[in-house]
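Q: show me the folded form of this:
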Amino acid sequence: MEINKIKVKDNDIEIMYDLPSQSSSNERKTVKFSCDESPKPSFFDVMNGLLNDAIKFCGLDFDMWSEGEVIGVTLKHSDDGIGINITVQSKINDLAVVVNTPHISKAVVSDELEERINKLLAESEAYIQGQRSQMSLFDAKEEVVVRQFQMQ
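A: Residues are numbered from 1 along each chain as shown. Purely as a prediction, here's the structure:
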C-alpha cells in the first residue's frame, strides 16, 4: 500500500492510496478511502506533529501559526524516497487561513521529518485497517460510514 494523500475535513478522513500491481503490466489501482469515524488520538498527534515543519518551510510566523492544524498531507513517492506537501489551517483574526507548503523533496527531508512521515503512514494504514478511537460494541445508534472505491 502506497499512501498518496491524507485529508481531514470536519468529521471525515479521506486517504488515497495505490494498491500494489497485480499484473505484469505494472498497472496500479488507486483507492479512495473515506470514513467519518474518529481515528485513534495518536493519528491527530502525528498529523499535527508536522505543523512545525510546515511553519518552517513556509517561512511563517511561529507565534501566529502555532495554534494551526494540519488538515492535509500529500506524499510523492520516488526511488529516492518520499517528498511531501503539508496543508495547514489556522484562525487568524477570525478568518480561517489555509496554507500549503511547497513540495518538500527527499533531498531536504531531515531524519526527524522522515520519522514523522513514517509514523503518519503507519497511523494511516492502521486507520484503513479498522483501528479507531474507542468504540462501544453495544451502541446500536452509532453509525459508521466507510466508503472505499477504486479510481483509474
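Q: any regions of the chain where pLDDT drops low?
A: 23-26, 134-152 (pLDDT under 70).
Q: which stretches of it form strands?
A: 2-9, 12-19, 29-35, 69-78, 81-92, 95-100, 146-151 (DSSP state E).
Q: those: which one's closest to residue 53?
A: Residue 53 lies closest to strand 81-92 among the strands of the chain, at 6.5 Å (Cβ to Cβ). All C-beta spots, glycine's among them, are computed from the backbone N, C-alpha and C.
Q: what's the closest one in contact with?
A: Under the contact criterion Cβ atoms under 8 Å, 6 or more residues apart in numbering, strand 81-92 has outside partners 7, 50-51, 53-55, 57-58, 64-65, 67-76, 96-106, 109, 113-114, 117.
Q: buried subset of the residues you listed as a ChimeraX selection?
A: ChimeraX command restricting these to the buried ones, with burial defined by 16 or more other Cβ atoms under 10 Å:
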select :50,51,53,54,55,57,65,68,70,71,72,73,74,75,101,104,109,113,117
